[in-house]
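*Asks:* Build me a model:
(one chain, ligands or ions: 1)
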Amino acid sequence: MSMEKLIELQEIDTKLKDLIDLLGDLPIKVNELNKQEESIKSTLEDNKARLKEIEVESHKREVLIAEINTKVNKLKDQLFLVTNNKQYDALMHEMDHMKDERSTFENEIISLLEEKEELTNSVVSMEADLGSLSSDLSTRREKLESVISESAEEKEILETKRSERIKDIDVKTISIYNRVFQARDALAVVNLSGNGCGGCGAHVPLQKVTEVRANSKIHRCDVCGRFLYSEKVSEN
Ligand SMILES: [Zn+2]
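*Replies:* Coordinates of the predicted model:
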């Protein structure tokens with residue numbers, strides 16, 4: 001196997017990487033914004049559900065207070081009809097108990113109203129946040145989709161080329177290539193730079209340089225592991 005196939009593979013992979021780089025951090029950003037949007041939406045739903053609950057709970061207590069008021073008024077009327085202290089004390093005791101109950105309900109209504117106010121404020125500000133977030137998100141989504149669709153055709157062509165190219169290269173070499181490509185900043189095949197590796201700059205022994213130039217054997221840099229080749233044009 002000659003180096004040409006690996007050089008071609010590197011060229012294809014460089015172009016594929018350029019396409020991915022073109023997207024930049026857009027996919028990550030869109031993903032983050034999606035998560036934020038979901039989380040705000042779900043908190044908003046919870047808050048709105050709680051607001052409804054508060055309405056129901058407050059109303060229940062208002063009804064109970066009205067009932068107590070009616071009962072207390074009846075007891076007051078009965079006070080005029082009592083004939084002894086014992087009855088009087090019993091009525092007073094019952095009224096006190098009802099007033100305590102009423103005061104508990106009133107306090108509960110106050111805390112419910114406080115909670116309602118806090119929740120309403122938070123719902124308003126969250127809805128504003130959601131509005132600006134959603135518009136930011138849709139702008140970025142559109143941009144991402146347009147960049148992806150613009151490069152989709154080119155990407156498909158390159159991927160087809162890549163799978164064709166790979167067929168002619170033995171599995172072991174491909175596996176080394178992939179590993180070096182991953183580990184060495186997407187550059188697995190490099191030109192000699194004088195007597196050094198074009199990737200990491202390490203010195204390449206003269207015997208190896210000669211063989212690389214003659215394209216007679218496949219060699220890799222001892223330091224970074226990249227495949228070495230020599231461009232014919234750059235040969236002296
Ligand atoms: Zn190297």
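*Asks:* Domain ranges for the protein, per the record?
*Replies:* 23-165, 171-234 (automatic domain parsing).
*Asks:* do the shortest one and the ion meet?
*Replies:* Yes - looking at domain 171-234 against the ion by CB under 5 Å from the ion, the contacts come from 197, 199-200, 202, 221, 223-224. Glycine gets a C-beta too; all of them are placed from N, C-alpha and C.
*Asks:* where do the helices sit along the chain?
*Replies:* Secondary structure of the chain (DSSP state H): helices located at 3-23, 26-79, 85-167, 171-183, 206-214.
*Asks:* most packed of those helices?
*Replies:* Sort those by mean neighbour count, taking mean count of other CB atoms under 10 Å, and helix 3-23 sits at the top with a mean of 16.
*Asks:* What pLDDT does the model give the spatially most central residue of the chain?
*Replies:* Nearest residue to the geometric centre of the chain (CA atoms, centre = their mean): residue 32, 3.1 Å. The score at residue 32 is 91. That number is its pLDDT.
*Asks:* same check, this time on the one 5 residues further on
*Replies:* For residue 37, the pLDDT comes out at 94.
*Asks:* Please look at it and residue 132 and confirm they touch.
*Replies:* No - counting by CB atoms under 8 Å, residue 37 stays clear of residue 132, with 10.9 Å between them.
*Asks:* Touching both of these two, which residues are there?
*Replies:* Here residue 37 and residue 132 have no joint contacts, going by CB atoms under 8 Å, 6 or more residues apart in numbering.
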